[in-house]
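[1] model this:
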Amino acid sequence: SAVIEHTKNVMFMEDGDLVHIANGQLEYFHNSGGTEAMPGTRFTTLLDMELDQIMKGNFPHFMLKEIYEQTESVMNTMRGRVTAKSNNVVLGGIQNWLAEIRRCRRLVFIACGTSYNSALATRPIIEELTRMPVSLENASDFLDRSAPIFRDDVCVFISQSGETADTLSALHVARKCGAICVGITNTVGSAIARHTDCGIHINAGVEIGVASTKAYTSQIVSLV
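    Next comes the predicted model:
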C-alpha cells in the first residue's frame with residue numbers, strides 16, 4: 001500500500017537476494033550461502049489494488065471504515081467458492097491437494113496475533129467436521145519449543161499480510177520436516193503464499209487498521 005500511489009509493478013525479493021540500482025539500471029544477484037552473489041533474474045508482479053482502497057473516505061479512521069466493510073469482505077471471501085443451490089464449496093487453491101490433506105495424521109494451525117485467534121475460534125467446529133485432531137500453535141512459541149512436526153501432518157499457516165516473520169520461520173521448519181504446508185493469507189504474492197504447497201486467498205481487501213477486523217472475519221469463513 002505504500003507504493004501503490006506511484007506504481008503497481010513490484011518485484012518480490014527472497015532471502016539472499018541483492019539488488020544494485022545505479023543510473024536508472026537495476027541488477028539482481030542472489031547469494032545461496034557462498035562467498036559470492038551470482039547474477040540472476042526476478043520477474044515483476046502487477047498488484048491488484050486501487051488507490052481508493054487505501055483512502056479513509058468519509059470515515060474518521062481506517063478501523064471504523066473496515067468494520068463497515070466486513071459485509072462486503074465476507075461476501076468476497078465466499079464469492080465463486082460457495083454455491084448455495086447445490087450446497088457445494090470449491091476452494092480452487094487447495095483442490096489438487098485434497099486427497100493428501102484427507103490422509104493426514106493431524107492438522108496443525110500455526111499463526112500469531114489475530115490470525116491465531118481466528119484458528120482458536122474455528123478449531124472446535126473443524127475437529128467436529130473433520131474428526132481429525134487439530135493442534136494450535138503460536139508461531140513464536142512453536143519455534144522456541146522446537147515442536148515436533150511429522151511428514152503426515154498438514155500445517156496451516158495463517159497470516160493477513162503473508163509476511164509475519166515468526167509464522168514464515170515456522171513454515172520453513174515444517175517444509176524441512178516434509179509436512180504439507182497450506183497458506184491462508186490476504187496478500188497475493190506474499191512470502192507465505194509463495195512458499196506453501198497450496199493455499200486460500202481470503203479476498204478481504206486492503207486492511208490498514210492495526211486492529212484486524214475484516215481480515216479476521218474472512219479468515220474464520222475461509223477456515224470453516
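[2] so residue 38 touches residue 29, yeah?
    Yes. Using CB atoms under 8 Å, residue 38 is in contact with residue 29, at 6.3 Å. All C-beta spots, glycine's among them, are computed from the backbone N, C-alpha and C.
[3] in stretch 135-150, what counts as buried?
    Of the residues in stretch 135-150, 135-139, 142-143, 149 count as buried by neighbour count, 16 or more other CB atoms under 10 Å.
[4] Next, count neighbours for residue 197.
    Neighbour count of residue 197, defined by other CB atoms under 10 Å: 17.
[5] Could I get the phi/psi values of it?
    Dihedral angles of residue 197 (phi, psi; degrees, to the nearest 10) stand at phi -70, psi -40.
[6] Spatially nearest residue to it, not counting backbone neighbours?
    What sits nearest to residue 197 in space, not counting adjacent residues and going by CB to CB, 6 or more residues apart in numbering, is residue 181, at 5.1 Å.
[7] Identify the bridge partners of the one you found.
    residue 155 (DSSP bridges).
[8] Quick one: distance of the helix or strand containing residue 128 to the chain centre.
    Using DSSP states H and E, residue 128 maps to helix 113-130. Helix 113-130 has its C-alpha centroid displaced from the chain centroid by 16 Å (CA atoms, centre = their mean, to the nearest Å).
[9] what angle do the helix or strand just after it and helix 113-130 make?
    Heading C-terminal from helix 113-130, the first helix or strand you meet, by DSSP H and E, is strand 134-138. Counting by axes from the mean of the first three to the mean of the last three CA atoms, to 10 degrees, strand 134-138 lies at 170 degrees to helix 113-130.
[10] CA atoms only for strand 134-138, dumped as CSV, please.
    The C-alpha coordinates for strand 134-138 follow below in CSV (Å, rounded to 0.1, in the frame of the first residue of the first chain):
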residue,chain,number,x,y,z
VAL,A,134,-6.3,-30.3,15.5
SER,A,135,-3.2,-28.7,17.1
LEU,A,136,-3.0,-24.9,17.6
GLU,A,137,0.5,-23.3,17.8
ASN,A,138,1.6,-19.7,18.4
